[in-house]
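> Show me the folded form of this:
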Amino acid sequence: MFRRIAVDIGTSEVRVCELERGAGTMLRLSRFGLKEYLLDPLADEADKRAKKRQALEELLAEMGIGNRLHFWRQPAVVGVPGRSVFTRTRFLPPIPRKRIDKIVRYELQQQIPFKLDQIRLGYHLFPTTDTSGLLCGADAKEKGYQVMMAAIKRDALNAHLAPLPLELVNPIACIPASVALYDWLRHIGELGHADECVAVLDLGANTTNLVIERGGQFAYTRPLHLAGNDVTAAIGNAFGVPFLEAEAMKLEQGFVPTSDVSSDGKMGEATGPVLSRLVTEVKDSLAYFRSLPGGGEVDRFLLTGGGVRLRNIALYFQRAFGREVRLVDPLAGMSSGSTVFLERPYAAATVLGLALAALGRAEININLA
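The predicted model follows:
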């Protein structure tokens with residue numbers, strides 16, 4: 001039986017990894033690889049797909065995964081970007097489980113502008129005590145459920161999977177990135193505390209995923225359409241350079257505004273307005289979350305994703321939100337011989353969450369494949 005790999009196809013790089021069970025409950029990273037592809041957002045979509053596919057094929061070959069000479073394809077758990085996935089949570093009273101599937105389908109049909117045969121859907125049940133959505137004990141099934149529903153349009157899913165070389169890889173599961181991120185952070189102990197409300201900001205290239213846990217349970221997620229590429233574009237406009245050159249400048253010299261405006265210079269002037277708009281979007285999302293049944297005030301923030309490479313970013317958000325803000329170390333408690341992973345841990349939480357699901361160790365089970 002072939003082990004399952006995890007594949008995370010991002011906007012600027014693809015990541016592939018595999019976890020294996022170690023001693024006791026420990027996990028070991030047996031394989032990890034990444035391949036960058038700097039893409040201009042204005043480039044043709046077909047060209048973007050071709051470059052992603054080429055990068056993925058090269059990475060799989062370097063990692064010794066898949067072989068056209070064999071009849072088998074490597075089973076893979078693939079991440080789906082948050083911007084493509086519709087998610088909702090809803091409290092359900094104590095009803096027979098056989099009715100839940102019908103209720104989920106009805107609820108999704110009322111909230112998305114597509115027919116059910118045009119989407120892929122999945123859901124996960126959390127036991128609850130009441131409409132607040134907080135966890136209870138073993139008798140939870142007698143009190144009701146919090147159901148997390150997810151759906152993606154089939155066309156969007158197919159477009160995301162298009163770069164996969166299907167002659168080498170068999171996508172047996174497609175998991176929302178926000179779910180995989182949450183699962184990994186919970187696994188390493190960053191989440192799962194019953195007395196806290198924690199917000200996670202995953203700063204990617206095209207999207208910033210906001211994930212909120214309350215009372216030790218996944219409570220809310222929303223994709224925000226301000227992210228790393230917007231910072232890159234602002235740097236390009238400020239310095240009069242093309243996108244790919246601006247991306248290199250961001251990675252080498254990029255920082256966010258400090259409390260000393262006079263020393264920030266042109267770089268601070270470029271990045272500041274974008275991050276200020278992102279803060280506004282986050283605050284609006286937090287206000288909406290507070291208005292929901294079971295919502296509440298966020299106690300602290302966690303930062304992940306490639307965007308955390310901007311210098312001063314944790315301090316910037318801490319000043320903006322007035323809460324503790326900390327960068328996440330996704331390697332916590334891990335052993336690995338991969339120097340690449342050790343050098344580039346900041347954006348690996350999602351692919352590690354996918355690998356966790358591949359092992360059957362995920363907290364939330366939603367498959368959109």
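
> Can you name the residues that contact the residue nearest to residue 120 when sequence neighbours are not counted?
The shortest distance from residue 120 to any residue other than its chain neighbours is 4.5 Å, reached at residue 368 (C-beta to C-beta, 6 or more residues apart in numbering). Quick note: C-beta positions are derived from backbone N, CA and C, even for glycine. Residues near residue 368 by C-beta atoms under 8 Å, 6 or more residues apart in numbering: 80, 85, 120-122, 150-152, 157, 174-176.

> and residue 368, what element?
According to DSSP states H and E, residue 368 maps onto no helix or strand at all.

> Show the average pLDDT along stretch 151-165.
For stretch 151-165, mean pLDDT rounds to 95.

> buried set for it?
151-153, 156-157, 160-165 (16 or more other C-beta atoms under 10 Å).

> Put the alpha carbons of that stretch into CSV.
The C-alpha coordinates for stretch 151-165 follow below in CSV (Å, rounded to 0.1, in the frame of the first residue of the first chain):
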residue,chain,number,x,y,z
ALA,A,151,-18.6,23.9,-0.8
ILE,A,152,-16.7,24.6,-4.0
LYS,A,153,-17.8,25.0,-7.5
ARG,A,154,-16.7,22.0,-9.6
ASP,A,155,-15.2,24.3,-12.2
ALA,A,156,-13.1,26.1,-9.6
LEU,A,157,-11.9,22.8,-8.1
ASN,A,158,-10.9,21.5,-11.6
ALA,A,159,-9.0,24.7,-12.3
HIS,A,160,-7.1,24.4,-9.1
LEU,A,161,-6.2,20.7,-9.8
ALA,A,162,-5.3,21.4,-13.4
PRO,A,163,-1.5,21.7,-12.7
LEU,A,164,-1.4,18.2,-11.2
PRO,A,165,0.2,15.6,-13.5
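
> And it, how far out from the chain middle?
Its chain's C-alpha centre and that of stretch 151-165 lie 16 Å apart, by C-alpha atoms, centre = their mean, to the nearest Å.

> Kindly report the same for stretch 228-236.
Using C-alpha atoms, centre = their mean, the offset of stretch 228-236 from its chain centre is 21 Å.

> which residues are contacting that stretch?
With C-beta under 8 Å, 6+ apart as the test, stretch 228-236 has contacts from 11-12, 41, 203-206, 241-243, 245-247, 249-250, 254, 267, 270-271, 273-275, 305-307, 310.

> and with 6 Å instead?
41, 205-206, 243, 246-247, 249-250, 270-271, 274, 307 (C-beta atoms under 6 Å, 6 or more residues apart in numbering).

> what's the longest helix in the chain?
Secondary structure of the chain per DSSP state H: the longest helix is helix 261-291.

> could you point out which element follows it?
Past helix 261-291, the next helix or strand by DSSP H and E is strand 300-304.

> For that next one, buried residues please.
For strand 300-304, the neighbour count (16+ other C-beta under 10 Å) marks 301-304 as buried.

> in the chain, which ranges drop under the pLDDT threshold?
Judged by pLDDT under 70, the chain has its weakly predicted residues at 1-2, 23-25, 66-71, 127-142, 261, 333-344.

> Which parts of it are strands?
Assigned by DSSP state E, the chain shows strands spanning 5-9, 13-21, 27-36, 74-80, 85-92, 119-127, 145-153, 169-176, 197-203, 208-214, 217-224, 300-304, 324-327, 335-336.
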